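Student: Next input, structure requested:
(2 chains)
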Amino acid sequence: DAGITQSPRHKVTETGTPVTLRCHQTENHRYMYWYRQDPGHGLRLIHYSYGVKDTDKGEVSDGYSVSRSKTEDFLLTLESATSSQTSVYFCAISESQGTGHGYTFGSGTRLTVV
Amino acid sequence: GNSVTQMEGPVTLSEEAFLTINCTYTATGYPSLFWYVQYPGEGLQLLLKATKADDKGSNKGFEATYRKETTSFHLEKGSVQVSDSAVYFCALYNAGNMLTFGGGTRLMVKP
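Tutor: Numbering: from 1, shown residues only, chains lettered A, B, ... in the order given. From the prediction side, this is the model:
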């Protein structure tokens, strides 16, 4: 992918434990996003960031928090993982919010909460 | 609000068949429209886009025309290949909002 990496690629964790997923970009893009992908729901936005320390909620933000202390890193934290948070998580970046600009996606993190 | 509706899959075709994946949208104003493709085990990749009415986006033999009168952006390809097997997502961007995705349509092409 074009300068965007997610880690880890796979993770299994127990219910009630905190989990942090990392998204790292080398494109110096201002906007970063976290989505989750579930069968029958497509992609749903969890949180997004429009700059360092500037974040906002998406449509499915409950149970998740984010932080962006540097332009290149956007962290997603599940405060206390639940089975309903088993999903594939994708990070995306974009240069601007202007029309015509698509997003670049990472390869995803498959999270299983047991 | 904004929404995108895609035909449910899976769509199963034989190699060299004609492909259409329907996409309709609801939005105010003049959104930009996109098709993304997700190959197995990978993230989404931008396939094509159109930013205004009557624009045609095209890439890798795929094309889609922005039809404002029918609020549609159907994806077409004249002759599919096994390598086109993937999940296809229609999406829209509207000023001041995030990218909104449809539910995805899985395409399976058999040799």
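
Student: Going by C-alpha atoms from here, please, whenever you check contacts or count neighbours.
Tutor: Fine.

Student: any low-confidence regions in chain B?
Tutor: B:96-97 (pLDDT under 70).

Student: for chain A, what are the nearby residues on it?
Tutor: B:31-32, B:34, B:41-46, B:49-51, B:89, B:93-96, B:98, B:101-104 (Cα under 8 Å from any Cα of the partner chain).

Student: which of the residues you listed count as buried?
Tutor: B:31-32, B:34, B:42-46, B:49-51, B:89, B:93-94, B:101-104 (16 or more other Cα atoms under 10 Å in any protein chain shown).

Student: Roughly how far does the closest residue to residue B:110 other than its chain neighbours sit from residue B:38?
Tutor: With sequence-adjacent residues excluded and distances taken as Cα to Cα, 6 or more residues apart in numbering or on different chains, residue B:110 is closest to residue B:14, at 4.8 Å. According to Cα to Cα, to the nearest Å, residue B:14 stands 20 Å off from residue B:38.

Student: between the two, who's got more neighbours?
Tutor: A side-by-side neighbour count of residue B:14 and residue B:38, using other Cα atoms under 10 Å in any protein chain shown, places residue B:38 first with 20 against 15.

Student: Now that one. Its backbone dihedrals?
Tutor: phi -120, psi 110 (degrees, to the nearest 10).

Student: quick check: longest strand of chain A.
Tutor: The strand that spans the most residues within chain A, counting by DSSP state E, is strand A:42-51.

Student: Can you give the contact residues for the next helix or strand after that strand?
Tutor: Downstream of strand A:42-51, the next assigned helix or strand under DSSP states H and E is strand A:54-57. With contact meaning Cα atoms under 8 Å, 6 or more residues apart in numbering or on different chains, strand A:54-57 is reached by A:46, A:47, A:48, A:49, A:66, A:67, A:68.

Student: Can you give the strand pairings for strand A:54-57, parallel or anti for each?
Tutor: Note on strand A:54-57: by DSSP bridges, its sheet partners are strand A:42-51 (antiparallel).

Student: Could I have the CA atoms of the strand it pairs with written out in CSV?
Tutor: C-alpha atoms of strand A:42-51 as CSV (Å, rounded to 0.1, in the frame of the first residue of the first chain):
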residue,chain,number,x,y,z
GLY,A,42,-19.9,-2.8,4.6
LEU,A,43,-17.4,-0.3,6.1
ARG,A,44,-18.5,1.9,9.0
LEU,A,45,-16.5,4.9,10.3
ILE,A,46,-15.4,4.7,13.9
HIS,A,47,-13.3,7.8,14.4
TYR,A,48,-11.3,10.2,12.2
SER,A,49,-8.6,12.8,12.6
TYR,A,50,-8.1,16.1,10.7
GLY,A,51,-4.8,16.9,12.3
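
Student: Okay, and the closest residue to residue A:105 other than its chain neighbours sits in which element?
Tutor: Distances taken as Cα to Cα, 6+ apart put residue A:92 closest to residue A:105, at 4.3 Å, once the chain neighbours are dropped. Per DSSP H and E, residue A:92 falls inside strand A:87-94.

Student: Keeping just the C-alphas, turn that strand into CSV.
Tutor: Extracted C-alpha coordinates of strand A:87-94, given in CSV (Å, rounded to 0.1, in the frame of the first residue of the first chain):
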residue,chain,number,x,y,z
SER,A,87,-14.1,-7.4,13.2
VAL,A,88,-11.6,-6.4,10.5
TYR,A,89,-10.3,-2.9,11.1
PHE,A,90,-9.1,-0.6,8.3
CYS,A,91,-7.2,2.6,8.6
ALA,A,92,-7.3,5.1,5.7
ILE,A,93,-5.7,8.4,4.8
SER,A,94,-6.5,11.3,2.6
